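Visitor: Build me a model from this:
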Amino acid sequence: MGPSKQRGVALITVILIVAMVVIIATNISARNQLSMRRTMNLTQYDQAYWYALSAEELTKKVLKQDLDDSKGIVHRQQFWALADVVFPAEYGEIVGKVSDMRACFNLNALAAASKTNNNGQPQLPLAAKQFKALLVGLGMDDFAAERLTHTLKDYVDSDSINSPYGAEDAEYESRNVPYRAANTLMNHKSELRAVLGFTKDVYRHLSPLVCAIPGDDRQLLNVNTLEIEQAPLLMAMLDNQISLGEAESIIGQVPASGYEKIDEFWQNSSVSGLKVDADAKSSFVIDSDYFLLKAGAKVNEAIFSMESVLKKGSGNSMDVLTRQYGNQDFYASPNASSSTNSSTNDNSNNTNENNNKR
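Guide: Residues are numbered from 1 along each chain as shown. So this is what the prediction gives:
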């Protein structure tokens, strides 16, 4: 091979080597950039997480201060009830909304044992009757409402005994994707979607009015914190003896700073003439012991959101019962509170952190 040909081969070899070096360098640079971007995203997401937790700490302090100042009475004019709260933060912002979990229907209240009448026949407990009234008030026929009430009761009560129209393990195990009845209290209202008969449409109508208080099976309604949109709930608690318009009027007549005594509510001319026994009256209150915080934080493009259930402890201190992470829709629309959020995808894929011992 002549010198000129050798120089040509050498030149081609050098060009190939340079091309390979350029390709390798480009790949290394791209990987480094990707790694840096991932690190930045993780750092920003981690910062957003801590921002959200700071919202939780602030909420605990605000709630304690409000309860201390009002001697335990809870109403809508307190600082915790402020809507659309946005706090600026370094490279981002924090949003949060607190709702009273005694201003919704606690699904776990249906776990109460059935009673018997004078003839020894099983009788629905008060909370179950109120839930059935809620379904009827939302437009469901009486039989369908009773069937769903029994089905939910069987799902959350601790026994495996079928109610007249209920469903236990055998029914759920016969599904295309078999599972079993929980037979324990719910941690989140979205679990209602697993109960037989509670379709997407039923859940959509119920979601703004119901909640699931972890570890608590009582149904108490704080008349001081009801919103106009929750009028169907007040109707149900009064056994649908009033119309929707009357319920809205009653809620609108609640003083800005709330009732100081529950007797003041019963003295309202719109309810004083209703037939409400002592047992039903005992489910109406003017204080609250559970609150739900929906918090979100944004750092640059990283978004983190969570829900925290807070329980009042000794000295009005607030303890965190559960945390659920996810539901980024809340950050885009902080006005959608837990007790008024009609999304059918309500935290169904969230990570749950449960501090409640049952």
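Visitor: Show me what the longest helix along the chain is packed up against.
Guide: What stands out as the longest helix in the chain, according to DSSP state H, is helix 3-70. Taking 3 or more C-beta pairs under 8 Å, 6 or more residues apart in numbering; DSSP states H and E as contact, the helices and strands that helix 3-70 lies on are strand 92-100, strand 290-299, strand 302-312, strand 318-325. Every C-beta, even on glycine, is put in place using the N, C-alpha and C of the backbone.
Visitor: who touches the first one?
Guide: The set of residues that contact strand 92-100 without belonging to it, under C-beta atoms under 8 Å, 6 or more residues apart in numbering, is 47-48, 51-52, 54-55, 58-59, 63, 74, 80-81, 83-87, 222, 225, 288, 290-300, 302, 331, 334-335, 337-340.
Visitor: Which of those residues are buried, as a ChimeraX select command?
Guide: Isolation of the buried members of the contacts of strand 92-100 (16 or more other C-beta atoms under 10 Å) is achieved in ChimeraX through the command below:
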select :47,48,51,52,54,55,58,59,63,74,80,81,85,222,225,288,290,291,292,293,294,295,296,297,298,299,302,331,334,337,338,339,340
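Visitor: quick one on the thing from earlier: could you point out the helix or strand that follows the longest helix of the chain?
Guide: strand 85-89 (DSSP states H and E).
Visitor: pull the CA atoms of that next one into PDB?
Guide: What follows is strand 85-89, C-alpha atoms only, in PDB (Å, rounded to 0.1, in the frame of the first residue of the first chain):
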ATOM      1  CA  VAL A  85     -55.400  30.400  52.300                       C
ATOM      2  CA  VAL A  86     -52.200  30.900  50.300                       C
ATOM      3  CA  PHE A  87     -48.800  31.400  51.800                       C
ATOM      4  CA  PRO A  88     -45.800  32.500  49.700                       C
ATOM      5  CA  ALA A  89     -42.700  30.400  50.200                       C
END
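Visitor: Parallel or antiparallel, which strands does that strand pair with?
Guide: Strand 85-89 has its sheet partners listed here by DSSP bridges as strand 92-100 (antiparallel).
Visitor: Centre of the chain to the partner strand, how far?
Guide: Between the centre of strand 92-100 and the centre of its host chain there is 14 Å, according to C-alpha atoms, centre = their mean, to the nearest Å.
Visitor: going on from it, what's the next piece of helix or strand?
Guide: Moving toward the C-terminus from strand 92-100, the next element (DSSP H and E) is strand 105-106.
Visitor: In the sheet, which strands lie alongside that following strand, parallel or antiparallel?
Guide: Strand 105-106 has the following strand partners under DSSP bridges: strand 210-211 (parallel).
Visitor: helices and strands around the helix or strand following the strand it pairs with, which ones?
Guide: Along the chain past strand 210-211, the next helix or strand (assigned with DSSP H and E) turns out to be strand 221-222. Contacting strand 221-222 under the criterion 3+ C-beta pairs under 8 Å, 6+ apart are the following elements: helix 231-237, strand 284-285.
Visitor: Need the winner for burial among those.
Guide: Ranked by average neighbour count under the criterion mean count of other C-beta atoms under 10 Å, the helices and strands packed on strand 221-222 are headed by helix 231-237 at a mean of 24.
Visitor: Figure out the helix or strand that Ser249 lives in.
Guide: Counting by DSSP H and E, Ser249 is found in helix 244-252.
Visitor: which residues are contacting that helix?
Guide: By C-beta under 8 Å, 6+ apart, the list of residues contacting helix 244-252 reads 137, 223, 226-228, 230-232, 234-235, 238, 242, 268, 270-271.
Visitor: Could you single out the nearest of those to Leu206?
Guide: Checking the contacts of helix 244-252 against Leu206 with C-beta to C-beta, the nearest one is Pro232 at 9.8 Å.
Visitor: so what's Lys64 up against?
Guide: The neighbours of Lys64, taking C-beta under 8 Å, 6+ apart as the test, are Gly315, Asn316, Ser317, Met318.
Visitor: Show me which of those residues are buried.
Guide: Neighbour-count burial within these applies to Asn316, Met318; the criterion is 16+ other C-beta under 10 Å.
Visitor: Same list (the contacts of Lys64) but as JSON lines, adding distance to Gly326.
Guide: Shown next, in JSON lines, are the contacts of Lys64 (distance: C-beta to C-beta, whole Å):
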{"residue": "Gly315", "distance to Gly326": "32"}
{"residue": "Asn316", "distance to Gly326": "30"}
{"residue": "Ser317", "distance to Gly326": "27"}
{"residue": "Met318", "distance to Gly326": "22"}
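Visitor: Now the two most distant members of the contacts of Lys64.
Guide: Set against one another by C-beta to C-beta, the contacts of Lys64 have their most distant pair in Gly315 and Met318, with a gap of 10.2 Å.
Visitor: out of the helices and strands packed on helix 3-70, which comes closest to Asn106?
Guide: Proximity to Asn106, assessed across the helices and strands packed on helix 3-70 by C-beta to C-beta, is greatest for strand 290-299 (8.7 Å).
Visitor: hmm, who's touching stretch 147-160?
Guide: By C-beta under 8 Å, 6+ apart, the list of residues contacting stretch 147-160 reads 107-108, 110-114, 124, 128, 131-132, 135, 140, 161-169, 181-186, 192, 194-198, 202.
Visitor: got the contact list for Gln253?
Guide: Contact analysis of Gln253 by C-beta under 8 Å, 6+ apart lists Asn268, Ser270.
Visitor: Which SSE is immediately downstream of the helix holding Ser249?
Guide: helix 262-266.
Visitor: Buried residues in that following helix, which are they?
Guide: Counting neighbours by 16+ other C-beta under 10 Å, one finds that the buried residues in helix 262-266 are Ile262, Phe265.
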